[in-house]
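# what shape does this take:
(2 chains)
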Amino acid sequence: MTTMHTALQPLEAEIIAFEAKLPILRQQFSIGTYVLFAGSRMLGNFKTYREALHAGYAEVGLDPFLVKQICREGEDVQHVYGLKA
Amino acid sequence: MPIVRAKFRIGPESLIAMQAYFDKSLEPWPQAVPKEVEVAALIDTGASVTILDHQLIQRMRHQPRGYCNISGFDSKSSDQADATSYPNYEMGLTLLGATDDDCILDVEAAQIVGHDIPNKNFSAIIGMDVLAHCNFQLDGPNQCFDLSSPYAKIKEIRSVKANS
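Numbering: from 1, shown residues only, chains lettered A, B, ... in the order given. Next comes the predicted model:
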C-alpha cells in the first residue's frame, strides 16, 4: 500500500480525486497529458507542465492544486536504489 | 563519489505567482526566503528522479504541485506495492561545471522531488530524468568522471513520455 509524505497533506483531496479518475483519464487523454485538479474538481488538460501550472495559478492562486501527468498503468512508480537518505 | 555543484531555483510559473502575492500584499520578497540555492549534488544513475533536500525547499516557502510514488528509498524495498508518495515542486536547475562560468546544463522547469537528505557531502541527487539529457563518463581507476550535455538549455523535463 502506498503511504503519503506529510508535505502532501494539503493535496490529499486532489490526489484522491486524480487516482479515482485515472482509469477514465487514460481512456480520454493520451499518455503524457498533464491534468490539473483543485479539490476534487478537474480544471483542465494540457500538453506541457508549464501550461498546466500557469492555469493552476491563474485559477486558484497559491491555494493547493495538483498537476499530474497521465501515465501508463503500472508505470507510476519511480525508483531510488540503495540510498540511505 | 561523483558530485557536481548545482543550482536549484523556484520554477518560473511558481516564481511569478509568489512574486504577485508579495506585490499584492505590498511586501518585499523576504530576505530570509531564498529564490535559489546552490548545493553539492550526487550523480545517481540508480535514481529515476531528481531530489532536493526538503528542508531547503521549505526555506524557499515553495508549495508542492504534484507527487511522485517512489520505491527503494532507504534500501527498504523495490516492491511497487511498498512505494511512498513524495511531494514534487516546480523548480529550475543548473548543473555547474568546474568554474562559475561553466554551465553543463540548464533546465527551465522540472518536477523536483522533496526528501530529507541528511548527508554532509551532498544535498541533492541528480537522477536519470536529468541525466537522460547528459553524457556521463566514469573513469574508475583514476577516480574521476566527466559530465557534459549536448544541450545548453532544456525548457521542460517530462516524467512521463508522451505517446508518439
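
# where in the chain is pLDDT low?
Assuming you mean chain A. Residues of chain A meeting the criterion pLDDT under 70: A:1, A:82-85.

# if you could check chain B rather than the one you did, that'd help
Filtered on pLDDT under 70, chain B yields the residue ranges B:73-81, B:161-164.

# tell me the residue in it that is farthest from the middle.
Going by Cα atoms, centre = their mean, the residue of chain B most distant from its centre is B:Leu26, 30.9 Å out.

# which secondary structure element contains it?
B:Leu26 belongs to no helix or strand when assigned by DSSP states H and E.

# so the spatially most central residue of chain A: helix, strand or coil?
Centroid check for chain A by Cα atoms, centre = their mean gives A:Lys68 as the closest residue, at 2.7 Å. State at A:Lys68, reduced to three classes by DSSP: H, G, I helix; E, B strand; the rest coil: strand.

# quick check: it touching B:Cys68?
No. Counting by Cβ atoms under 8 Å, A:Lys68 stays clear of B:Cys68, with 9.4 Å between them. Just so you know, the C-beta spots here come from the backbone N, C-alpha and C atoms, and that holds for glycine as well.

# what lines up beside whichever strand or helix holds B:Phe8 in the sheet?
B:Phe8 belongs to strand B:3-10 when assigned by DSSP H and E. Paired with strand B:3-10 in the same sheet, following DSSP bridges, are strand B:36-43 (antiparallel), strand B:84-96 (antiparallel).

# elements contacting the helix or strand just after it?
Remark: after strand B:3-10, the chain's next helix or strand is helix B:12-24, criterion DSSP H and E. Packing contacts for helix B:12-24, counted by 3 or more Cβ pairs under 8 Å, 6 or more residues apart in numbering or on different chains; DSSP states H and E, involve helix A:49-60, strand B:84-96, strand B:103-115.

# between those, which one is closest to B:Cys144.
strand B:103-115 (15.2 Å; Cβ to Cβ).

# walk me through which strands that closest one pairs with, and which way each runs.
If you go by DSSP bridges, strand B:103-115 pairs up with strand B:51-53 (parallel), strand B:84-96 (antiparallel), strand B:153-156 (parallel).

# so which of these is the most surrounded?
strand B:51-53 (a mean of 26; mean count of other Cβ atoms under 10 Å in any protein chain shown).

# which residues of chain A fall in strands?
With strands called from DSSP state E, chain A shows them at A:3-4, A:34-38, A:41-46, A:66-69, A:77-79.

# mind putting those into CSV with distance to B:Gly11?
Output for the strands of chain A, formatted as CSV (distance: least, Cβ to Cβ, whole Å):
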stretch, distance to B:Gly11
strand A:3-4, 22
strand A:34-38, 14
strand A:41-46, 15
strand A:66-69, 11
strand A:77-79, 19
